Structure formats: C-alpha cells, structure tokens
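A.B. asks: heads up, no residue letters with this:
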Ligand SMILES: CC(C)(COP(=O)(O)OP(=O)(O)OC[C@H]1O[C@@H](n2cnc3c(N)ncnc32)[C@H](O)[C@@H]1OP(=O)(O)O)[C@@H](O)C(=O)NCCC(=O)NCCS
C-alpha cells in the first residue's frame, strides 16, 4: 500500500504520484508537497508548507518543521552502527537497536544528495549544500557544504 491508512495528511497536501511513494505512520502538515519515489517512515513528522523532492528517504525519528525544503535523493540516517543481525546471528528486530532522532528546524533547506547523519539538529533557515554529509549540528542560518559538511561564508537567504 503506497500510503498507509495511518498517515495523517493535512489540508491541501500534494502528493504528486500517490502510487509511487511509500508513506506509513507519519504526519504531513498542510500544504506540503511530496515528490515521487519518496519514502517517509513511521514516527516522523513533516511540517506545513514543506517541499520533499523526489527520491528522498525520511527515516523513523526525523522531525521536519514548517517550510523546510528537502532536495532530491536526500538520505536521513537513524542508526549510527547498523547491523543486519543480533549477536545470536538472527535478524535484528526493533528491540535490538535504538532510533537516534534528528530535527530539521523551520525554513531550513537541504540540497540534493545530502546525507544527514543521526542525532543532528539542522538550525532554522540553514542551507545544506548538494552532496554534503552532515555529521554535526548546523547553527541557525548557517551555510554548510562538503564531506564532512563545513561552515561556508555566505548568506543562505541572499
Ligand atoms: C552550497 C551552495 C548553496 C553554494 O552556493 P554558492 O554560494 O552560490 O556557491 P558557489 O557556486 O559560488 O561556489 C562557492 C564555492 O563553494 C563550492 N561549492 C559549491 N557548492 C558546493 C557543494 N554543494 N559542495 C561542496 N562545495 C561546493 C564551489 O566549488 C566553490 O568553491 P571555490 O571557491 O573553491 O571555487 C550551492 O552550491 C548548493 O549546493 N545548493 C544546493 C542546490 C540543490 O541541491 N538544490 C536542490 C533542488 S534542484
């Protein structure tokens, strides 16, 4: 089922191809737009008037506030040391690992292809360059880019 019945969808949300997304256990605020081939997992929250571009993956534990832009193919992470199996060799279950949450504050923008490590806060109005690997908190209004992402001079809202 591309959009699970437990998804809370606000007024005037636009999901361009409802059959080509995978949304479950999440909430999406009013007037937000969701592109094609986006997956949004359970226990995530997308604010109002956000744009989530195609091919992005928003995993469990991510909170995205209002007016946030997520570019194409952005990857969030919620497990720093992932394993397929537990120490007994059996496939891991939810009891074998802990979700590490991430917060993206209001009006931040995340460039295409960025990877956002877990346990990160991206500050209000911050701008993340395309292809960045964000490994630490990003201050409000900061512009960061590169691998690992570093502060750059410049105004994210020129
Ligand atoms: C990071 C960004 C905001 C910088 O824009 P800018 O300030 O106009 O930067 P410039 O193009 O003037 O480049 C300035 C320097 O940063 C470097 N740079 C630019 N973007 C970069 C990026 N994403 N990662 C690493 N370095 C980058 C340039 O190579 C240049 O380096 P130099 O001074 O050594 O030559 C922009 O390049 C970017 O990545 N925007 C995101 C776009 C995007 O993903 N949109 C999604 C929807 S289409």
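C.D. replies: Structure received. Being a predicted model, the structure only gives us computed values, none of them experimental.

A.B. asks: what about the closest residue to residue 149 other than its chain neighbours, how many neighbours?
C.D. replies: Spatial nearest neighbour of residue 149, excluding adjacent residues (CB to CB, 6 or more residues apart in numbering): residue 132 at 4.1 Å. C-beta coordinates here come from the backbone N, C-alpha and C atoms, glycine included. Residues near residue 132, counting by other CB atoms under 10 Å, number 23.

A.B. asks: Next up, the contacts around residue 132.
C.D. replies: 111, 114, 115, 144, 145, 146, 147, 149 (CB atoms under 8 Å, 6 or more residues apart in numbering).

A.B. asks: what are the bridge partners for the most centrally placed residue in the chain, then?
C.D. replies: Centroid check for the chain by CA atoms, centre = their mean gives residue 58 as the closest residue, at 4.0 Å. Taking DSSP bridges as the rule, residue 58 bridges to residue 40.

A.B. asks: Kindly provide the distance from it to residue 138.
C.D. replies: Distance, residue 58 to residue 138, using CB to CB, to the nearest Å: 17 Å.

A.B. asks: Out of the helices and strands in this structure, which is least certain?
C.D. replies: Sorting the helices and strands of the chain by mean pLDDT, DSSP states H and E puts strand 150-152 at the bottom, at a mean of 95.

A.B. asks: For residue 19, give its distance to the ligand.
C.D. replies: Using CB to the nearest ligand atom, to the nearest Å, one obtains 24 Å as the distance from residue 19 to the ligand.
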